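A.B. asks: coordinates only, sequence not included:
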């Protein structure tokens, strides 16, 4: 896990001074987050080339000699930009109002750099006055008023010509340096006639002037004050435009004291503002030719971009979280224990219990048992280190340096509680008496750690709810309470439910709705903090159990606060609305946050959130491989790639869970198909087919599993591409989630809605529920997806309802033994059910040729993705305290990467084996190969380039 270093001098955020010394930060792959930012439009360079149009006349007005002066600007935009409209930055040069030009090298460089980040940029000239006596002169400030009027004319010019220049007129930002900053301040805040008292020679004597393009509002969306100042009395109310102030401590032209007056005024009034101070530097240190000017140019552009993106740009978020009218869920989840697995699903869950899921506490006792993080070992200010299981670097950086671990002291709560969640659910589904007895003792013990006020968590009183940076407060609760809620579903023990409700209410009391910032972080790179958004899983469950609307309202509040913070997370509302911003963040965060966005939309009914949700799903589609796996190794990093991008087992579970949430909310059959593809292929294909272990990271085209990705051994610290029952050298996170994924699949196999019982996910199972107040049992007998015949045995007494069975998206041909109709992707059988009745469905799949996001070919048969297995050499690695458990690494005995030559694929009779002819480019010949379901493989090739 990589390290990074960050050096800044002093920041002032929201009026608060913060000294940031040169420190080492564990980044959860900060390099990944920096890569994230590098490619994000409006935050960093996303375009290489910039086009400019020069000498555009935007107005005219009398100069200081009362002679007409044509006002000119230069316009910059990113080359080949496809956006229909862009935010505009109007930049004003300095020069003390007596000299200066938009052609100054530093001004041009500043504008080009902003355009590379995706902004439209204009650099204006304005009327100068060589006789101007200076800002401090009370006798003649006409030059300031002239400049203010001219800038306002430029704003109006772009509003009048918004279509020509493709300007988003909602998001016009004005700013400048020195005199240009003073101009921008005046134009933004001196917007009332009485505020002209300090500009007595304004001509005309009004706030708008007469420099051209009348009839448009000139209030900017944000202001950039670089080494300038302004009339502090003109800053009047919190709703005034957000303000960025960049200044220096030894500025001889605009002393820091003048800037400090603006800072204090902004803080007292409460406008949204940010302050960056270059300690020990003089006036505008980014001016071309000054010492280290390039460093300060880049730093200033970064601060401007971050400020604009976080505090200024409006993608509709002002009203996005307003409740319109909640959208009822189409179907409802059943209590966890209502659905039981059968056949191969039950066998797999029992295998997990017999293996890593049932024995993780013996495999890593220090993490899973000895650290009583919810009880006697709660975190205090005195705790500076803890064994969190990551023994090596595992992906870059200095693996001997463990200082980063201090920030992640919550980590064992994730390992323990996600493991317990999967363990509890697996034991319930397998009805394993021994494990159920162990779990009952655990639940009694964990409830004994709850404080009298309801607090159930990992922090002592001196720390809890008092964070402004990375923490695991909500995340530790979410992981714990999900398991306890499953136990309540099974036992109906009110003691458990009451403890969960008290714990949730304790959060809501200490972080009150709309009056707190649970996701506040002074540094943008966070992990446990953003994981904490999954606390919304608990809120949804508690609402379903209590019917109390306050839990739904708090869910929307959490997403609103999460979106408002300056953190590097894909699922923030503003980023979702930006369709040019592809997913780049820590994958497991991204995919688990999908269900929060969905919940916020359905609970609010707000159309702005509907757009955000749609954009989110479109972005995930581009990051999804042929097997249904969402890339995240550990960063999403743009598009999927079958060979060069892996998926994390944690992400497989979290995306499955999110799709399941969308399935019940929307009622759309498409999410069932996505879940099946992911679970039957990516998830099964990342399990070892014979041993109790999984791959932390796996690629669709898996040519080697030696720790690093495929045959690329350049990153010697990468250890995740192997099979292990623990993965302690990276993090003990994926193995716990590998124990959760099958139980979550089982729970969501059946849904209810109105007068309908819905087989949402196919496979061997039995559901026991009530319809119309009467008991109903349906047993689904099948080995789907490995066979495609399904029998539904319905047991009911004189009960009329619809049995809905999701039709897989690939199922073009099928037969049903009963009269049916098709409706929205479901096979619907409506009848009065009485006694025991059977329905038989036979799907008749054919091998299909498909294309992934990179246009590579892959083959499917029904729900199964097929692969060419590659014979491998096995090497046993680390052993564990429990005998019989090992890490495993694999290398190919012989590697041939084939291409698709258009040949037919033939299924072997009675087997899930398929033959075809593929092209071997090395030999120039086609060869007969045997394809198998991806779930049977360790090394394999799944996608094939076209010959």
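C.D. replies: Perfect, I can see it now. Predicted, not measured: the structure shown is a model, and the values here were computed from it.

A.B. asks: could you point out where the stretch 701-850 of the chain is predicted with low confidence?
C.D. replies: For the stretch 701-850 of the chain, no stretch has pLDDT under 70.

A.B. asks: mind listing the helices for it?
C.D. replies: Counting by DSSP state H, counting those that start in this stretch, residue ranges of the helices within the stretch 701-850 of the chain are 734-738, 741-747.

A.B. asks: to the chain's geometric centre, what's the distance from the first one?
C.D. replies: Helix 734-738 sits 20 Å away from the centroid of its parent chain (C-alpha atoms, centre = their mean, to the nearest Å).

A.B. asks: same deal with the last one?
C.D. replies: If you compare the mean C-alpha spot of helix 741-747 with that of the full chain, they lie 23 Å apart, counting by C-alpha atoms, centre = their mean.

A.B. asks: With residue 869 as the reference, measure out to residue 576.
C.D. replies: Distance of residue 576 to residue 869, given as C-beta to C-beta, to the nearest Å: 39 Å. Where C-beta positions appear, they are placed from N, C-alpha and C, glycine not excepted.

A.B. asks: Next: residue 337.
C.D. replies: Remark: distance between residue 337 and residue 869 (C-beta to C-beta) = 38 Å.

A.B. asks: what does residue 244 give?
C.D. replies: Per C-beta to C-beta, residue 244 is found 57 Å from residue 869.

A.B. asks: Looking at residue 576 and residue 869, which one has more neighbours?
C.D. replies: residue 576 (26 against 18; other C-beta atoms under 10 Å).

A.B. asks: what's around the closest residue to that one other than its chain neighbours, how many residues?
C.D. replies: Among residues not flanking residue 576 along the chain, residue 612 sits closest, at 3.9 Å (C-beta to C-beta, 6 or more residues apart in numbering). The tally of other residues near residue 612 (other C-beta under 10 Å) stands at 29.

A.B. asks: what residues are up against residue 612?
C.D. replies: Counting by C-beta atoms under 8 Å, 6 or more residues apart in numbering, residue 612 makes contact with 320, 573, 576-577, 597, 601.

A.B. asks: what's the answer for residue 632, then?
C.D. replies: When contacts are counted by C-beta under 8 Å, 6+ apart, residue 632 touches 586-588, 590-591, 623, 646-648, 650-651.

A.B. asks: nearest residue to it other than its sequence neighbours?
C.D. replies: Nearest to residue 632 is residue 587, by C-beta to C-beta, 6+ apart, at 2.0 Å.

A.B. asks: go on, residue 780?
C.D. replies: In space, residue 780 is closest to residue 765, 4.9 Å off (C-beta to C-beta, 6+ apart).

A.B. asks: Next: residue 83.
C.D. replies: residue 580 (6.4 Å).

A.B. asks: Next, that neighbour: secondary structure please.
C.D. replies: Using DSSP: H, G, I helix; E, B strand; the rest coil, the structure places residue 580 in coil.

A.B. asks: my guess is it meets residue 47, correct?
C.D. replies: No. If you go by C-beta atoms under 8 Å, residue 580 and residue 47 don't touch, sitting 10.6 Å apart.

A.B. asks: Residues in contact with both of these two, list them for me.
C.D. replies: Shared contacts of residue 580 and residue 47 (C-beta under 8 Å, 6+ apart): residue 118.

A.B. asks: Neighbour count: those two, which is higher?
C.D. replies: residue 47 (17 against 12).

A.B. asks: how close does the more buried one get to residue 109?
C.D. replies: In terms of C-beta to C-beta, residue 47 sits 15 Å off from residue 109.

A.B. asks: Which secondary structure state does the residue nearest to residue 576 sit in?
C.D. replies: Classification of residue 612 using three-state DSSP returns helix.

A.B. asks: what about residue 762, neighbour count?
C.D. replies: Neighbours of residue 762 under the rule other C-beta under 10 Å: 23.

A.B. asks: I figured it hits residue 780, correct?
C.D. replies: Yes. Proximity of residue 762 to residue 780 meets the contact threshold set by C-beta under 8 Å, at 7.3 Å.
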